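Asker: Sequence and predicted structure below; questions after.
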Amino acid sequence: MVLSLNLCASISMLAPSLAIADAEADREAFVAYFKKQFSTVPYEDYVNGVYALNKDARSQWEAIEEFPPYEIDVEEGQKLFETPFKNGKTYASCFDNDGIAIRQNFPYFDVKSGEVHTLEQDINACREKNGEKPLKWKKGNIAKISAYMAYTSRDKIINVVIPDDPRAKAAYEEGKKFFYAKRGQLNFACADCHIYSPGRLIRTETLSPALGQVTHFPVYRSKWGEIGTLHRRYGGCNKQVRAKPFKAQSRQYRNLEYFHTYMSNGLPINGPGVRK
């Protein structure tokens, strides 16, 4: 079951153009692995997570999606997005295409700062640029605004880019290593659950495949009783393996999101979503 993704490749030995090709080879191997493991699951269906694997759970989920609990969050997110700041500007002033149908391009590597930027990070940067206080990262208004922006991008194809910059490759590599590194008292990696064990039960829950996991965030979880961000989920996963979570929007989680999302390049955005 071991998936070879060249985890020990030396960053310093790769020229920028080769580095990008290497990341694409990672993605192709990632996709090929899941296609082999679940040969009857259509590639596009991976955006539905565990519901691509479990028919009984899927029927219940489809019933919930008829009247999705995140619907009000999208509406409130749109209102927040369109409400002017004190200076008269709105979030639209900070984003390409006025912030509409751009979710598929996040996260991205910002050459100027030398760091990965997430959508939530840019939402708060927009607020601060316009003299407003930043929002809390994991839930609440930032998740609602992000949910609205994701909703405007539904069916847009994820297109995360790694530019010809060694710092971008380093960020991608750090995210990849995080995904495969063991941590916590349970000594689990993200890959243990979501590469090697999707479709299997952990207690009463079926584990979801890593491919397509990011497409439906922000997500309304029944466990939370509200909508939350991807970094909230990362923190929860770390806690579940009894590891100390990093702060939301930390470099570690942003780089993890960079790798995690790149692996789903080519799949459509279908967020926000609803999960247990």
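Answerer: Everything's here; your move.
Asker: Which residue comes closest to the residue nearest in space to the middle of the chain once chain neighbours are left out?
Answerer: Taking CA atoms, centre = their mean, the centroid of the chain lies closest to Val214, which sits 3.4 Å from it. Take Val214 and drop its neighbours on the chain: the residue closest to it by CB to CB, 6 or more residues apart in numbering is Thr261, 4.8 Å away. Yep, even glycine has a C-beta here, placed from its N, CA and C like the rest.
Asker: for Arg251, same thing?
Answerer: Once flanking residues are discounted, Arg251 sits nearest to Glu115: 7.0 Å by CB to CB, 6+ apart.
Asker: That neighbour contacts Phe109, doesn't it?
Answerer: Yes - contact criterion CB atoms under 8 Å: Glu115 and Phe109 qualify, at 7.5 Å.
Asker: what sits in contact with each of those two?
Answerer: Ala171 (CB atoms under 8 Å, 6 or more residues apart in numbering).
Asker: List the contacts of stretch 74-91.
Answerer: By CB under 8 Å, 6+ apart, stretch 74-91 touches 92, 99, 123, 126-127, 130-132, 141, 144-149, 151, 272.
Asker: among these, which ones are buried?
Answerer: Neighbour counting by 16 or more other CB atoms under 10 Å classes 99, 123, 126-127, 130, 144-149, 151, 272 among the contacts of stretch 74-91 as buried.
Asker: just to revisit the earlier point, Glu115 and Phe109: who's more crowded?
Answerer: Phe109 (23 against 17; other CB atoms under 10 Å).
Asker: now that one: how far from His117?
Answerer: 8 Å (CB to CB, to the nearest Å).
Asker: now swap in Lys244 and tell me
Answerer: Using CB to CB, Lys244 is found at 25 Å from His117.
Asker: the more surrounded of those two?
Answerer: Higher neighbour count among Lys244 and His117: His117, with 18 against 9, using other CB under 10 Å.
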